[in-house]
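Colleague: Can you look at this prediction? I've put the sequence above it.
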Amino acid sequence: MRRWMISVVMGMVMGYGAESNTTQPTVKKAATKMVIGRLEQVRVMEVGIAKKARIDTGAKTTSIDAHEIQLFERDGQAWVRFTFEDEPIEKPVVRTVLIKRHGGKSIRRQVVELELKLGQTVQTVEVTLANREKYTYAILIGRNFLRKRFLVDVSRVFMGCSNTSIPVF
């Protein structure tokens, strides 16, 4: 009885192996993502200015240091005029967000689309306009810029120029 059971099990295993060899395995193509550090050079293409930026995977939306923010209307649409590094920029307002501050009043911030360049990657992304004078870096790169393109190595800085990419499954 025991030999018979072993024969049945062996036959099933051998049959399973033979059957699986006739089908092709599914191969998922790897996407490549650029490895960047916790600090990178980012260029605001509208004004051609590159600044050091903090990479923050905890921030949902990218933010830049904007000053002299003025709302106005153009062709029935809300627009905003502001300066970045003393260079004027005018953009349509995509939306307004309410920022809840710890121990303080909530504030409204305008969101615009800007073209940003990190390494060889240029993309148009939603950016929150904020006074970042108190912060070390004029640009904060959030997940909306990083998603599906970058991996962040927090032990490194300024890797964007190295074009280091790795496959990601």
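Modeller: Nice, I can see it.
Colleague: hmm, which helix or strand of this protein has the shakiest average pLDDT?
Modeller: Sorting the helices and strands of the chain by mean pLDDT, DSSP states H and E puts helix 2-21 at the bottom, at a mean of 53.
Colleague: Which helix or strand lies directly C-terminal to it?
Modeller: strand 31-37 (DSSP states H and E).
Colleague: could you say what helices and strands that following strand packs with?
Modeller: Here strand 31-37 touches strand 150-153, strand 165-168, going by 3 or more Cβ pairs under 8 Å, 6 or more residues apart in numbering; DSSP states H and E. From N, CA and C alone the C-beta is placed, and that goes for glycine too.
Colleague: Could you list the buried residues of that strand?
Modeller: Residues of strand 31-37 classed as buried by neighbour count (16 or more other Cβ atoms under 10 Å): 33-37.
Colleague: Now distance to Leu98 too, for those, in CSV please.
Modeller: Formatted as CSV, those follow (distance: Cβ to Cβ, whole Å):
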residue, distance to Leu98
Lys33, 32
Met34, 33
Val35, 34
Ile36, 30
Gly37, 32
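Colleague: nearest to Thr96, of those residues?
Modeller: Of all those, Thr96 sits closest to Ile36, with 29.6 Å by Cβ to Cβ.
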